[in-house]
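> all I have is the shape, not the residue letters:
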Ligand SMILES: Nc1ncnc2c1ncn2[C@@H]1O[C@H](COP(=O)(O)OP(=O)(O)OP(=O)(O)O)[C@@H](O)[C@H]1O
């Protein structure tokens, strides 16, 4: 296995990605890049293609066109090497119900070969911050949805992933956990990893993410630094403007630059002008 993690390689490089379900093209020709330190928000209406792309990034499903690389590793060609660098928090936290919380975390730590002293320290810190410590000895089957989500989040952070991918991570979390998660994502990014997550909560994306991508109907409408995509408007205003604009070209092949992830424009009016 060769890890081609040259300093200039993005943590996540999506290049002309496409995905079909039968005859239906769910996502067409998406290119973007996520750099070390990025917290990248991925927004779009229901059915836009967010989960589809996320599932291909983390290797849950295949790719029908283009490529996805994590730290230079092609996820289709070298999936195990790529998965070592990734953590994934799906929108539905299905965890083995017969295990206790601590058994599940130990199982994950074994898979990712986290040393015993490190895992104990990380589990303790993360479980205390997410207020799950007292429930780790209980069977997951007795957990609420939010508790399962917290458990999956702790498991995702255990091996210090280079790329943390989350699908709607704030849904179902209580305010304390939601606050802690935002801090944890920032801390991970500040250590040189990257975070890529989908969300419908635009206020959170606007505050938390230094970069954002907007998808509609499987096509990228805008991507890049949040302040450039947003311009002088709120992210919500830009989002509504873009996704509800029937005139907006979404298939003109000018999605974000595959290596820089630069925005297509510097603001809402300029975005509208990109015909
Ligand atoms: N397994 C599947 N088989 C067939 N079509 C699918 C499948 N999964 C998703 N799709 C279709 O692909 C498109 C994109 O779906 P996807 O789940 O990626 O959207 P999303 O942006 O994550 O939506 P949401 O915000 O509702 O979670 C939709 O038209 C959806 O119906």
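Yep, it's here. Remember, predicted model here, so these are calculated numbers, not experimental data.
> does the residue nearest to residue 132 when sequence neighbours are not counted belong to a helix or a strand, and which?
Spatially, and ignoring its direct neighbours in sequence, residue 132 is nearest to residue 150 (4.8 Å; CB to CB, 6 or more residues apart in numbering). For the C-beta atoms, the positions are set from N, CA and C on the backbone; glycine is no exception. Take DSSP states H and E as the rule and residue 150 turns out to sit in helix 145-157.
> neighbouring strands for the following helix or strand past that helix, and are they parallel or not?
Remark: after helix 145-157, the chain's next helix or strand is strand 163-167, criterion DSSP H and E. When pairing is defined by DSSP bridges, strand 163-167 lines up against strand 86-89 (parallel), strand 194-198 (parallel).
> single out the most deeply packed of these.
Of all these, strand 194-198 has the most neighbours on average by mean count of other CB atoms under 10 Å, namely a mean of 26.
> near the ligand, which residues of the stretch 51-200 of the chain show up?
Selection of the stretch 51-200 of the chain residues close to the ligand by CB under 6 Å from any ligand atom yields 51, 52.
> show me where the stretch 51-200 of the chain has its helices.
Using DSSP state H, counting those that start in this stretch, the helices of the stretch 51-200 of the chain run over residues 79-85, 101-111, 116-129, 145-157, 175-190.
> would a markdown table of those helices with mean neighbour count and mean pLDDT be doable?
Below are the helices of the stretch 51-200 of the chain laid out as a markdown table (neighbours: other CB atoms under 10 Å; pLDDT from 0 to 100):
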| stretch | mean neighbour count | mean pLDDT |
| --- | --- | --- |
| helix 79-85 | 18 | 96 |
| helix 101-111 | 18 | 97 |
| helix 116-129 | 15 | 96 |
| helix 145-157 | 23 | 96 |
| helix 175-190 | 16 | 96 |
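> and the strands in the chain, which stretches?
12-21, 24-34, 39-44, 65-70, 73-74, 86-89, 163-167, 194-198, 211-216, 219-225 (DSSP state E).
> now do the last one: which elements does it pack against?
If I follow you right, that is strand 219-225. Strand 219-225 sits against strand 24-34, strand 211-216, helix 235-243, with contacts defined as 3 or more CB pairs under 8 Å, 6 or more residues apart in numbering; DSSP states H and E.
> how about the last one: buried residues?
By 16 or more other CB atoms under 10 Å, the buried positions in helix 235-243 come out as 235, 238, 239, 241, 242, 243.
> mind putting those residues into TSV with pLDDT and distance to residue 48?
Below are the buried residues of helix 235-243 laid out as TSV (pLDDT from 0 to 100; distance: CB to CB, whole Å):
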residue	pLDDT	distance to residue 48
235	93	15
238	91	15
239	92	11
241	88	15
242	86	11
243	82	8
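> specify which member of these is nearest to residue 63.
Ranked by distance to residue 63 (CB to CB), the buried residues of helix 235-243 are led by residue 243 at 24.7 Å.
> check contacts around the closest one.
By CB atoms under 8 Å, 6 or more residues apart in numbering, the residues touching residue 243 are 44, 45, 214, 216, 221.
> show me which of the residues you listed are buried.
Among the contacts of residue 243, those classed as buried by 16+ other CB under 10 Å are 44, 214, 216, 221.
> that older thread, by contact count, what packs against the helix holding residue 150?
strand 86-89, helix 101-111, helix 116-129, strand 163-167, helix 175-190.
> output these in JSON lines; the columns should cover distance to residue 29.
Converted to JSON lines, the helices and strands packed on helix 145-157 look like this (distance: least, CB to CB, whole Å):
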{"stretch": "strand 86-89", "distance to residue 29": "23"}
{"stretch": "helix 101-111", "distance to residue 29": "34"}
{"stretch": "helix 116-129", "distance to residue 29": "38"}
{"stretch": "strand 163-167", "distance to residue 29": "20"}
{"stretch": "helix 175-190", "distance to residue 29": "27"}
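> these: which one's closest to residue 57?
Across the helices and strands packed on helix 145-157, residue 57 has its closest neighbour in strand 163-167 (5.6 Å, CB to CB).
> other residues contacting that closest one?
With contact meaning CB under 8 Å, 6+ apart, strand 163-167 is reached by 11-12, 34, 50-51, 54, 57-58, 70-71, 85-91, 156-157, 185, 188, 193-198.
> roughly how far is it from the heart of the chain?
Computed by CA atoms, centre = their mean, to the nearest Å, the chain-centroid distance of strand 163-167 equals 3 Å.
> separation between residue 94 and residue 111?
17 Å (CB to CB, to the nearest Å).
> nothing else from me, thank you.
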